[in-house]
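1. Attaching a predicted model along with its sequence, questions to come.
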Amino acid sequence: MNLEKYILNHIDEEGERLYRLNREAHINLLRPRMLSGHLQGRMLKMFVRMLQPKRILEIGTYTGYATLCMAEALPKGGEIHTIEWNDELEDFIRKQFDEPELKGKIQLHIGDALEVIPRLDGCFDLVFIDADKRLYSQLYDRVFDRVNSGGILLADNTLWSGKVLETPHPGDKQTAGILDFNKKIKQDTRIEKVILPLRDGLTVIYKK
Ligand SMILES: C[S@@+](CC[C@H](N)C(=O)[O-])C[C@H]1O[C@@H](n2cnc3c(N)ncnc32)[C@H](O)[C@@H]1O
């Protein structure tokens with residue numbers, strides 16, 4: 001048994017619904033490995049459990065897997081806004097969110113997050129950045145003023161399969177995007193930050 005299996009056997013289960021969603025994504029969608037999955041999903045739920053954020057913003061919905069994980073621990077009256085630019089996923093995502101207990105909790109926005117964020121009302125207590133790696137720095141700049149002081153930003157895939165240790169190929173804009181983001185975060189004095197080596201790297205940022 002490898003370590004990942006051991007971990008999954010000793011943490012909370014993902015539950016039947018998320019298990020089915022994961023399988024459905026593998027059967028019907030391109031790049032199903034993009035969804036957070038069991039371990040990171042439980043971690044996201046735990047963040048929400050610990051932080052009790054009233055307003056969450058997710059940038060990059062894909063199947064809604066992570067959205068549903070965060071919704072599990074959302075405090076009473078809390079809401080999650082999630083943005084996805086691929087409108088071909090809209091029906092799939094809406095189907096996942098169409099549950100009585102989720103009514104009024106999740107709002108899906110279809111469009112480019114760089115354009116959608118300025119149109120959203122209010123500020124957020126927790127932001128999960130999990131979209132196009134080439135845009136991470138821009139997305140961070142776009143959303144930063146919309147995060148409450150004391151709020152948390154999470155950025156996924158910040159170790160990018162270890163490619164952060166290599167000089168990127170000139171055409172590899174995704175690795176370049178992650179490297180640029182990691183450098184920007186390191187230099188930003190308005191925040192405290194740590195990179196968790198969880199799955200593909202999860203940066204946790206605290207806004208002072
Ligand atoms: C890694 S997946 C998200 C996975 C999801 N957060 C989860 O953990 O289950 C990234 C998603 O972001 C979407 N995306 C990428 N860039 C975007 C942008 N600028 N605005 C909105 N969505 C974007 C992609 O279409 C893709 O569905």
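-> Noted; the coordinates are in hand. If you're wondering where the values come from, they're calculated on a predicted model, not measured in any experiment. Numbers count the residues shown, from 1 in each chain.

2. Write out the residues of the chain neighbouring the ligand.
-> With CB under 6 Å from any ligand atom as the criterion, the chain meets the ligand at residues 34-36, 58, 60, 62-63, 65-66, 83-86, 112-114, 130-132, 135. The C-beta positions use only the backbone N, C-alpha and C, and glycine is treated the same way.

3. Kindly list the longest strand within the chain.
-> With DSSP state E setting the assignment, residue counts place strand 147-156 as the longest strand in the chain.

4. hey, where'd the strands end up in the chain?
-> Taking DSSP E as the criterion, the chain carries its strands at 55-59, 79-84, 106-110, 124-129, 147-156, 191-196, 202-207.

5. Report the buried residues of stretch 69-76.
-> Of the residues in stretch 69-76, those scored as buried under the neighbour-count criterion (16 or more other CB atoms under 10 Å) are 69-74.

6. One more: stretch 111-121?
-> Residues of stretch 111-121 classed as buried: 113-114, 116-117, 120 (neighbour count, 16+ other CB under 10 Å).

7. Repeat that for stretch 176-191.
-> Applying a neighbour-count criterion of 16+ other CB under 10 Å, one finds 176-182, 185, 191 buried in stretch 176-191.

8. Which stretches in the protein count as helices?
-> Listed in chain order, the helices of the chain (DSSP state H) span residues 3-9, 16-28, 37-51, 65-72, 90-97, 113-116, 136-144, 173-187.

9. isn't T61 right next to I80, touching?
-> No. With contact defined as CB atoms under 8 Å, T61 does not reach I80; the gap is 9.9 Å.

10. Could you list the low-pLDDT ranges of this structure?
-> Low-confidence segments of the chain (pLDDT under 70): 1.

11. Hmm, L126 and G151 touching each other?
-> Yes. The criterion here is CB under 8 Å, and G151 meets it with L126 at 6.5 Å.
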